[in-house]
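*Asks:* how does the following fold in three dimensions:
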Amino acid sequence: MSEPESKGGTAGAGSTVERTPPTLKNLLSLAWPVIVSRSTQVVIGLSDAVMVASLGESALAATTAGALNTFSILVLPMGVTFIVASFSSQLQGKGDVAGARRYGMYGLALAAATQIACMLGIPLISRVLAQLPYTPEVRTMMAAYLQIRLLSGGAAIGLEALGNYYGGIGNTRLPMIASLFAMTINLAGNYALIGGHWGAPALGVSGAALSNTLSTWLAFLGFLAVFLMHGRGVERGKLAWREMKRVLRFGLPSGLNWFFEFYAFNVFVNVVVAGLGTTALAAMMAVMQINSVSFMPAFGVASAGAIFVGQAIGAGAKGEVPRIVKMTFATAGTWQTLVGLSYLVIPTLLFEPFTGGVGSSPELMRVGRRMLMFSAAWQLFDATAGTLAEALRAAGDTAFTLWARTVIAWAIFVPGAYVTVRYFGGGELGAVAWFVVYMGLLAGTLFFRFRSGAWKKLELVEPVIVE
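*Replies:* This is a model prediction of the structure:
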C-alpha cells in the first residue's frame, strides 16, 4: 500500500510532496494485515496451549509458561528491531527508499547476533529453572520446551526485522503472508507432533516446541528470499556503522523497555503466581493467552498509526501527528471496550477451550473464569498505552518509555503484587488487580508525555544521508 500524502512537507533530496492526512479508511487498510500478522503469532501460542491441554494441567502450565519464558528471552532484541519500522517509515516519508532498505539489513544483523546468544544460553536453561518454584514435572517439560524453542531465536528476530522494515514503508501485506505461512506450518506440526498423528511420534510438550521452531525457520528463510529478490536493482548504498549506532541508540531503549516490562511480568508469573499452585498458574497463563489474542487488533491499529506518525514526521508534517494519534486511539479503544464487555458477558465460553484435559479440575474453570472477568478492567488502559507507546516509538522517543515502564513495573507492580499475594493473602484476584494498577499508571504517564510535545524535538534519522 502506498502511503497517503499530505499537503506540505518535503521528501527526499529537496523534492516537494503533496500530502493529504491519512483517514480512518487508510488506517484500517494499513492495519488489517498487521492485525492478521500479530494475531497469527498469538494463534500459534494459543494452539500450543489448546492442543496440549488434553495432556493435563502440568503440560498446559509447562507449555504456556515456557512460551512466555521464550518471549522474555527474545523480547530485548525483538524490541530493538521495532525501531527498524521507525527508521524505514521516516525515511519513506523523506523519499529515501534506499536508506529505508539499509535499516532492514541492520535488523538482520541483530537477528544473527540473537541466534548466537541463544545457542550460548541453551546449556543454562535447566540450571535457571531449578531456582524457580515449579513442580518437578512442570520443570522437566519446560526445560525441554525452551531448549528446542531457542534453536530458532534468530529466525524469530529475523521475521520481526523484515516485518518492521516492510511495515515502515507501507507494505504490511507481505509480513502478513509470512505470518500466515508460519501459522499454517505450526498448526500442522502441532497436530502431528503433540499427539502423534500422520505417522509422527507423540512428543507432547516437546512436539509443540519442535513444530514452532521448524515453522519459524521456514517462514524466515522464505521471507529473506523475497527481501533479497526485492533488493535486486536497488542501490542501497554502503552499510555504515554510524547508522547502526543510531539503530542501537534509539533501539536499545525500545528493546529494554519491553524487556524490563516483560521480565517483571515473568517474575510475577514465576514467583507470585507459581507460588499459588499449578491450577492458578495454568489459569493465569490461559487468561493471558486469551488477552493476547483479543489485544492483537488494537495492537495492529496502534502499529499502523505509528507508521503514519513516522511517515508524517519524515515528510516534515508533525502537525498531523496529534490527529493521527486521536484517530488511532478511538479505533483501538472501541475494540478493547468490546473485548472487556465480552469478558464480563461470556467468560465461561471463552475459557472453556482450556479446561478439556483429563487432568483438569473444576477449580481451573472457577479460577480462570474469575480472572478473565476481572481482566476486563484494564482493557481501555491497554489500548491507551499501546497507542501512545507506538506513536512515541515512531517519533524516536524511546528513552522516556523505557524509564516509564521500568519504574512502574519494578517499583510498583512487582512489589505490590508480591506483598498483596504473599503477605495479605490476596490470592489470584489480588494478583490480577495489580495489572489494572500497572496499565492505568502507564497509560496516564504516556498520555502526559505525548501532550508535553517533547517528541517534536527529537531527530531520529540524520538530517542528511550521504549515499
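
*Asks:* do a quick rundown of the strands in this protein.
*Replies:* Remark: strands assigned in the chain by DSSP state E are 10-11, 15-16.

*Asks:* ok, of those, where does mean pLDDT dip lowest?
*Replies:* Among these, strand 10-11 carries the lowest mean pLDDT, at a mean of 37.

*Asks:* and stretch 183-190, which residues are buried?
*Replies:* By 16 or more other C-beta atoms under 10 Å, the buried positions in stretch 183-190 come out as Met183, Ile185, Asn186, Leu187, Gly189, Asn190. Bear in mind the C-beta positions are built from the backbone N, C-alpha and C, glycine included.

*Asks:* and the third one, how far from Val414?
*Replies:* Just to be clear, that refers to Asn186. 32 Å (C-beta to C-beta, to the nearest Å).

*Asks:* neighbouring contacts of stretch 44-59?
*Replies:* 60, 63-64, 67, 135, 137-138, 141, 182-183, 186-187, 190-191, 194-195, 204-205, 208, 212, 215, 278-279, 282, 285-286, 289, 292-293, 353-361, 364 (C-beta atoms under 8 Å, 6 or more residues apart in numbering).

*Asks:* go with 7 Å
*Replies:* 60, 63-64, 67, 135, 137-138, 141, 183, 186-187, 190, 194, 204-205, 208, 212, 278-279, 282, 286, 289, 292-293, 353-354, 356-360, 364 (C-beta atoms under 7 Å, 6 or more residues apart in numbering).

*Asks:* ok so, going back, just the ones in helices from the buried residues of stretch 183-190, please.
*Replies:* Applying DSSP state H to the buried residues of stretch 183-190, the entries found in helices are Met183, Ile185, Asn186, Leu187, Gly189, Asn190.

*Asks:* which parts of the stretch 201-350 of the chain are helices?
*Replies:* 205-230, 241-267, 278-314, 321-345, 347-351 (DSSP state H, counting those that start in this stretch).

*Asks:* so which of the ones you listed is nearest Pro22?
*Replies:* helix 278-314 (4.7 Å; C-beta to C-beta).

*Asks:* what inclination does that closest one have with respect to helix 321-345?
*Replies:* Angle of helix 278-314 versus helix 321-345, following axes from the mean of the first three to the mean of the last three C-alpha atoms, to 10 degrees, is 160 degrees.

*Asks:* from the contact counts, what lies against helix 278-314?
*Replies:* Applying 3 or more C-beta pairs under 7 Å, 6 or more residues apart in numbering; DSSP states H and E, we find helix 278-314 packed against helix 24-52, helix 57-94, helix 153-168, helix 321-345, helix 362-374, helix 379-395, helix 427-452.

*Asks:* which parts of it are buried?
*Replies:* For helix 278-314, by 16+ other C-beta under 10 Å, it's 278-314.

*Asks:* dihedrals phi and psi, Asp96?
*Replies:* phi -100, psi 80 (degrees, to the nearest 10).

*Asks:* number of residues surrounding it?
*Replies:* The local packing of Asp96 (other C-beta atoms under 10 Å) involves 22 other residues.

*Asks:* look up the pLDDT of it for me, please.
*Replies:* 85.

*Asks:* again with Gln289
*Replies:* 79.

*Asks:* same question, Leu74
*Replies:* 91.

*Asks:* is Ile324 in contact with Ala306, as I believe?
*Replies:* No - between Ile324 and Ala306 there is no contact under C-beta atoms under 7 Å: 9.0 Å.

*Asks:* kindly list the main-chain dihedrals of the closest residue to Tyr191 other than its chain neighbours?
*Replies:* Of all residues beyond its chain neighbours, the one nearest Tyr191 is His197 (5.5 Å), with distances taken as C-beta to C-beta, 6 or more residues apart in numbering. Note on His197: backbone dihedrals following degrees, to the nearest 10 are phi -120, psi 170.

*Asks:* same thing with Val461?
*Replies:* According to degrees, to the nearest 10, Val461 has phi -90, psi 160.

*Asks:* kindly report the same for Pro133.
*Replies:* According to degrees, to the nearest 10, Pro133 has phi -80, psi 50.

*Asks:* list the residues that contact it.
*Replies:* Ala274, Gly275 are the contacts of Pro133 under C-beta under 7 Å, 6+ apart.

*Asks:* count the residues that sit near the closest residue to Leu372 other than its chain neighbours.
*Replies:* Spatial nearest neighbour of Leu372, excluding adjacent residues (C-beta to C-beta, 6+ apart): Pro347 at 4.7 Å. Residues lying near Pro347 (other C-beta under 10 Å) number 22.

*Asks:* try Leu214
*Replies:* Neighbour tally, Leu214, other C-beta under 10 Å: 19.

*Asks:* same deal with Phe259?
*Replies:* 24.

*Asks:* how close does Thr140 sit to Gln147?
*Replies:* Thr140 is 11 Å from Gln147, by C-beta to C-beta.

*Asks:* how many neighbouring residues does the nearest residue to Leu174 once chain neighbours are set aside have?
*Replies:* Leaving aside its sequence neighbours, Leu174 sits nearest to Tyr166 (C-beta to C-beta, 6+ apart; 5.0 Å). Neighbour count of Tyr166, defined by other C-beta under 10 Å: 26.

*Asks:* what does Leu344 give?
*Replies:* 13.

*Asks:* how about stretch 90-105: buried residues?
*Replies:* Those would be 90-96, 99-105, for stretch 90-105 by 16+ other C-beta under 10 Å.

*Asks:* show me the shaky parts of the stretch 1-150 of the chain.
*Replies:* 1-19 (pLDDT under 70).

*Asks:* right, and Phe223 touches Leu159 too?
*Replies:* Yes - contact criterion C-beta under 7 Å: Phe223 and Leu159 qualify, at 6.2 Å.

*Asks:* residues contacting the closest residue to Tyr165 other than its chain neighbours?
*Replies:* Leaving aside its sequence neighbours, Tyr165 sits nearest to Gly104 (C-beta to C-beta, 6+ apart; 3.4 Å). Listed by C-beta under 7 Å, 6+ apart, the contact set of Gly104 reads Val84, Ser88, Ala161, Leu162, Tyr165, Phe227.

*Asks:* and Leu24, by the same measure?
*Replies:* Neighbours of Leu24 in contact, by C-beta under 7 Å, 6+ apart: Met327, Thr331.

*Asks:* same question for Gly430.
*Replies:* Thr420, Val421.

*Asks:* what pLDDT does it get?
*Replies:* The predicted local confidence for Gly430 is 86.

*Asks:* that one and Met327, how far apart?
*Replies:* 37 Å.
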